[in-house]
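Predicted model, plus sequence, below.
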Amino acid sequence: MKEASKLKKLWLATLMVLAMLGAACGQKAGDTSATGGTSTDDGDTIKVGLLHSLSGTMAISEVTVRDAEKLAIEQINAKGGVLGKQIEAIEEDGASDWPTFAEKAQKLISVDKVATVFGGWTSASRKAMLPVFERNKALLWYPVQYEGLEQSPYIFYTGATTNQQIVPGLDYLKGQGKKRIFLVGSDYVFPRTANKEIKAYAQANDMEIVGEEYIPLGNQEVATLVNKVAAARPDAIFNTLNGDTNTAFFKEWKTKGIAPDAMPIVSVSVAEEEVRAIGPEFLAGHLVAWNYYQTTDTPENAEFVKAFKAKYGEDKVTSDPMEAGYVAVHLWAAAVEKAGTTEVEAVKRAAAGIEFAAPEGRVTVDGPTQHIYKTARIGLIGPDGLIRQVSGSDGPIKPDPFLRGYDWAKGLT
Amino acid sequence: MDAFLGQVFTGLSVGSVLILIALGLTFTFGQMNVINMAHGEFIMAGAYTAFVLQDLIGTDTSLVVALPVAFVIAGTLGLLLELVLVRRLYGRPLDTLLVTWGVSLMLQQLARDIFGAPNVQVRAPGWLGGSLHLAGATLSYSRIFIIGLVVVSVVGIWVFLTRLPQGARMRAVMQNRQLASCSGLKTHSIDRLTFFIGSGLAGIAGVALTLLGSTGPTLGTNYIVDAFLVVVVGGLGQLRGAVIAAVALGLLNAFVEFSTEASIARVAVFVAIVAFLQFRPQGLFVMKSRALT
């Protein structure tokens, strides 16, 4: 059967290429986009790395953090830089692919010899970069809320840890009398760990988890998930989806016609930028938990929003991770000034206790955990795409990445 | 019961998108033995067409206008690919495979350069916003629209293949290229027509996909694997095979996912296909032909 064997060969070949395609998907857009003017080693500049996904499924979120970090660098440079030198940003694209993050981090450290790196969004990218920074004794500033249970000596965490975001979010739901919770998340480390913590909280607080579903990152086919959630009839949905899946999820959810106040979705990875991209009409009335909103009422925030819009356009919005990235750059600069050097160990020592009047309010670096004190805020998404605070903590909360202050969290790892 | 109906609907709607994508593949593969890895990028081209038209003429009408425009744009891209590269590589399936894969990567980068790396959103027109409530299940208008669109496309292709002289020629070449050529058919121009139509259908699929999620440079790669599975299961060059296989795949995926979870559903679908191919390696339907191959 010549026909059959020819077909078989053809299919073998197809399968091979599909496998290659799968491998290549990870590495697509492995293009380097190093910018930042002339890179001289004459000691006039201090180089820092900005490592975010500028392509792929996470680009929707991470590009804006990069923009905010560049704004902070520009502001510091305008005031004379750090230690009398201008900061030079070297950009790399993590391409929404975790091994690429590790690779690019290594490149920034050993080839560009940067003083520090600001980067990452997903916990998977942070976990991939962590060993690189520890091995090289280099410094990473990670600007996004995450699942806690981590404390690397070479990472400063300027986003919220669990007790500054997820726990206050759950407290809010409990206060609203929401007892039956459905958990949806992307299938990687942050949602799975966060949900483990949420389940422990629920057990201790007389709440019931009526379902727990994960979707591969980047997947846009969510109809079945939405059907499942609707069939379970929860009081509220806790959403840890990341990236573009949120777009498909909220579009599909809207077609169910369930009023947001009857069954609110609490998201922890959807901020102003994502609301704008997905379309406010799909999200209005749902809740989010963060530490900062564009509408947060502080004089520093008014200035931050104004400066950001002046640099990037009137139609731009500011969000929590952007603010955390902006704060990270300023905190690092202050620590370098205090230490009098960019040397990593000295900067780490100097960073403890540093305060900064951030757009979200005063933040302080907690020396032992290398996290920062942050105010928790629950926000309601408005039809105009802006988020307004409906509840908040009294002042900044001390970071507790291992949830040592909570009895229900004993035994979580 | 309402959950069951909802899942039937979900399965149908997932399957219907696959039909559009797989139809183009099954014809180019069936007729020319060309495995076109760039097919996914024609889907992407269709989706970006809808995005560009939305800015030009507003969301109310852009979707309807985008359908024929995307058909022509994606079809033209396919035609160009055939004219410039594939034509020179007939009878060398492995080379075509690699070359079209390279083209696919180039087109992705091109889209990234033109539209930026972050995904873009196409707003659905207002009249597709709601949903139909039927026996407890909700059927969204946008998914109903997609199913309707696919039914129209499939009927259109069926009429074309069985009633029109061009369609008859296409089938002739598919069944026996040498004999068709001996009978005076210009097989190469028929190949070009096949490529145009197949790629155009992918463009229409791209427009449909903008209703469900966001549009990015790698939109097509997410669907191309499933589309190839449909082609294998359905049998090469088989309209009804592709339709049945796509719907079966969609339903299987929807129901396994509903009772387990997304990743397990993927595994289950692959296992089912491997098992199926053990018993029917040639797919659901086989083209009967006296061609010597």
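Everything's here; your move.

element containing residue A:141, please.
strand A:140-142 (DSSP states H and E).

In the stretch 251-400 of chain A, what residue comes closest to chain B?
Nearest residue of the stretch 251-400 of chain A to chain B: residue A:255, at 3.3 Å (CB to the nearest CB). C-beta here means a position set from N, CA and C on the backbone, and glycine is covered the same way.

show me what contacts that residue?
B:130-131, B:138, B:140-143 (CB atoms under 8 Å, 6 or more residues apart in numbering or on different chains).

for residue A:172, same thing?
A:266, A:287, A:289, A:378, A:391.

if you set the cut-off to 7 Å instead, what comes out?
A:378, A:391 (CB atoms under 7 Å, 6 or more residues apart in numbering or on different chains).

Could you report the neighbour count for residue 277?
Let's take chain A. As a burial measure, residue A:277 scores 21 neighbours (other CB atoms under 10 Å in any protein chain shown).

um, chain B though
For residue B:277, the count of nearby residues is 15 (other CB under 10 Å).

before we move on, what about residue A:116?
27.

And for residue B:4?
Neighbour tally, residue B:4, other CB under 10 Å: 15.

And it, how close does it get to chain A?
Residue B:4 sits 10 Å away from chain A, going by CB to the nearest CB, to the nearest Å.

mind listing what residue 63 touches?
In the absence of a named chain, chain A is used. Here residue A:63 is in contact with A:52, A:54, B:118 (CB under 7 Å, 6+ apart).

look at chain B instead
B:50, B:125, B:207.

Return the member of these nearest to chain A.
If you rank the contacts of residue B:63 by distance to chain A using CB to the nearest CB, residue B:125 comes first, at 12.6 Å.

Assess the claim that that closest one and residue B:60 are in contact.
Yes - if you go by CB atoms under 7 Å, residue B:125 and residue B:60 touch, sitting 5.1 Å apart.

Of these two, which one has the most company?
residue B:125 (19 against 12).

Look up how far residue B:85 lies from that one.
Distance, residue B:125 to residue B:85, by CB to CB, to the nearest Å: 37 Å.

ok, now residue A:333?
Relative to residue B:85, residue A:333 is positioned 53 Å away (CB to CB).

same thing with residue A:136?
Taking CB to CB, one finds residue A:136 at 45 Å from residue B:85.

Repeat that for residue A:139.
In this view, residue A:139 and residue B:85 are 49 Å apart by CB to CB.

now swap in residue A:60 and tell me
Residue A:60 sits 33 Å away from residue B:85, going by CB to CB.

and the residue nearest to residue A:230 when sequence neighbours are not counted, what element?
Closest residue to residue A:230 apart from its sequence neighbours, by CB to CB, 6 or more residues apart in numbering or on different chains: residue A:256 at 5.2 Å. Using DSSP H and E, residue A:256 maps to neither a helix nor a strand.

before we move on, the earlier item: out of residue A:139 and residue B:85, which sits in the busier spot?
Using other CB under 10 Å, the more surrounded residue of residue A:139 and residue B:85 is residue A:139, with 27 against 16.

hey, what's the residue lying closest to that one once chain neighbours are set aside bridged with?
Using CB to CB, 6+ apart and skipping the chain neighbours, the partner closest in space to residue A:139 is residue A:116 (4.3 Å). Beta bridges link residue A:116 to residue A:48, judged by DSSP bridges.

Does residue A:116 touch residue A:141 like I think?
Yes - using CB under 7 Å, residue A:116 is in contact with residue A:141, at 6.4 Å.

hey, what's in contact with both of those two?
In contact with both residue A:116 and residue A:141: residue A:332, using CB under 7 Å, 6+ apart.

about what we covered before: what's the distance between the residue nearest to residue A:230 and residue A:214?
Taken as CB to CB, the span from residue A:256 to residue A:214 is 20 Å.

The two: which has the busier surroundings?
residue A:214 (21 against 17).

which residues does the more buried one contact?
A:185-187, A:191, B:261-262.

same question, residue B:118
Applying CB under 7 Å, 6+ apart, the residues contacting residue B:118 are A:59-60, A:63.

Looks to me like it is in a helix.
No - counting by DSSP: H, G, I helix; E, B strand; the rest coil, residue B:118 is not found in a helix; it is coil.

what does the stretch 201-350 of chain A put close to chain B?
Selection of the stretch 201-350 of chain A residues close to chain B by CB under 7 Å from any CB of the partner chain yields A:213-216, A:219-221, A:223-224, A:227-228, A:231, A:244, A:247-248, A:251, A:255-257, A:277-279.

if we go to 6 Å?
Residues of the stretch 201-350 of chain A lying near chain B by CB under 6 Å from any CB of the partner chain: A:215, A:220, A:223-224, A:227, A:231, A:244, A:247-248, A:255-256, A:277.

So which of those sit within strands?
residue A:215 (DSSP state E).

what's the closest of the residues of the stretch 201-350 of chain A next to chain B to residue A:86?
residue A:277 (33.1 Å; CB to CB).

Next one, pLDDT for that closest one please.
For residue A:277, the pLDDT comes out at 83.

before we move on, the earlier item: among the contacts of residue B:118, find me the one that's closest to chain B.
Within these, proximity to chain B (CB to the nearest CB) peaks at residue A:59, which comes in at 4.1 Å.

Against residue A:146, how distant is the residue lying closest to that closest one once chain neighbours are set aside?
Leaving aside its chain neighbours, residue A:59 sits nearest to residue B:118 (4.1 Å; criterion: CB to CB, 6+ apart). Distance, residue B:118 to residue A:146, using CB to CB: 22 Å.

got it, and residue B:103?
Applying CB to CB, the value for residue B:103 to residue A:146 is 40 Å.

Looking only at neighbour counts, state which of these two leads.
Each of residue B:103 and residue A:146 has its neighbours counted (other CB under 10 Å); residue A:146 has more, 27 against 20.

so when I look at the more buried one, I'm seeing a strand, right?
No - counting by three-state DSSP, one finds residue A:146 to be coil, located in no strand.

For chain B, see how far away it is.
In terms of CB to the nearest CB, residue A:146 sits 22 Å off from chain B.
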